[in-house]
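**Q** Pasting the sequence and the predicted model now:
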Amino acid sequence: MTLTLSHPQEAHLTNGTKRSRVIRVAGPGPAIREFLEQQREARAYAEAWYQALRDWDTFRSEEMLTSIGPSRPSRMRVIVGNWRSGSDGGSDIVSTLMQHTPMGAIPASKVALSIKDERGDGLLPRVQAGRGPESLLRETGAWVHPTDRARAYGEAVLELAVKLGDAKAAIHLRRIRAG
């Protein structure tokens, strides 16, 4: 589809045929361009989250923790999704699988639990399992066909991002819902 601006309050939307429809909007042409750019940015941010969940790119982050009291002999034991190894000194190394996301690294266990707790239509577990579309967007930045399904995936991943504390995702989610 192509959007052309002819007058400050009119936009012509064409789908490649000779027919076009006129969309009347309040405000000048720059407001239309700004709205369309915000929609494109929101879709791109949803795509970034979608790919982060789909690829499940993780790395191991290690931290030194100071323990209080005597330490246990060296061995691995699972502690709430973290792997902890004891040492002879007064500190332990905690190794956590981290998930790369658009807002930075997040503990993979936190992401996985948030996906597991999803009560909706089950889109996020499908994304995590590598099922679903390869991408939510076409090369032009528009949703892939069927657009309603791609948009649903986009909203689902942004809702997860908001749940994980991503403030940018909240802004983009509102924009997608407004569009």
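**A** That came through fine.
**Q** State the three-state secondary structure for R131.
**A** coil (DSSP: H, G, I helix; E, B strand; the rest coil).
**Q** If you could redo that for M98, that was the one I meant.
**A** Applying three-state DSSP: M98 is strand.
**Q** Need the three-state assignment for the residue nearest to it when sequence neighbours are not counted.
**A** Leaving aside its sequence neighbours, M98 sits nearest to A105 (Cβ to Cβ, 6 or more residues apart in numbering; 4.2 Å). The C-beta positions use only the backbone N, C-alpha and C, and glycine is treated the same way. Here A105 is strand, with the state taken from three-state DSSP.
**Q** wait, A105 sits on V111?
**A** No. With contact defined as Cβ atoms under 8 Å, A105 does not reach V111; the gap is 10.3 Å.
**Q** Need the overlap of contacts for the two.
**A** Q99 (Cβ atoms under 8 Å, 6 or more residues apart in numbering).
**Q** These two: which has the busier surroundings?
**A** V111 (24 against 13; other Cβ atoms under 10 Å).
**Q** per-residue confidence at the more buried one?
**A** You'll see V111 listed with a pLDDT of 86.
**Q** any idea whether it is helix, strand or coil?
**A** Applying three-state DSSP: V111 is helix.
**Q** and it, what does it touch?
**A** 53, 99, 101, 160, 164.
**Q** hey, where'd the helices end up in the protein?
**A** 29-55, 108-116, 123-128, 147-163, 167-178 (DSSP state H).
**Q** and of those, who's closest to S135?
**A** helix 29-55 (6.6 Å; Cβ to Cβ).
**Q** model confidence over the closest one, on average?
**A** Here the average pLDDT along helix 29-55 is 91.
**Q** Which elements pack onto that helix?
**A** For helix 29-55, the packing partners by 3 or more Cβ pairs under 8 Å, 6 or more residues apart in numbering; DSSP states H and E come out as strand 2-7, strand 91-101, helix 123-128, helix 147-163, helix 167-178.
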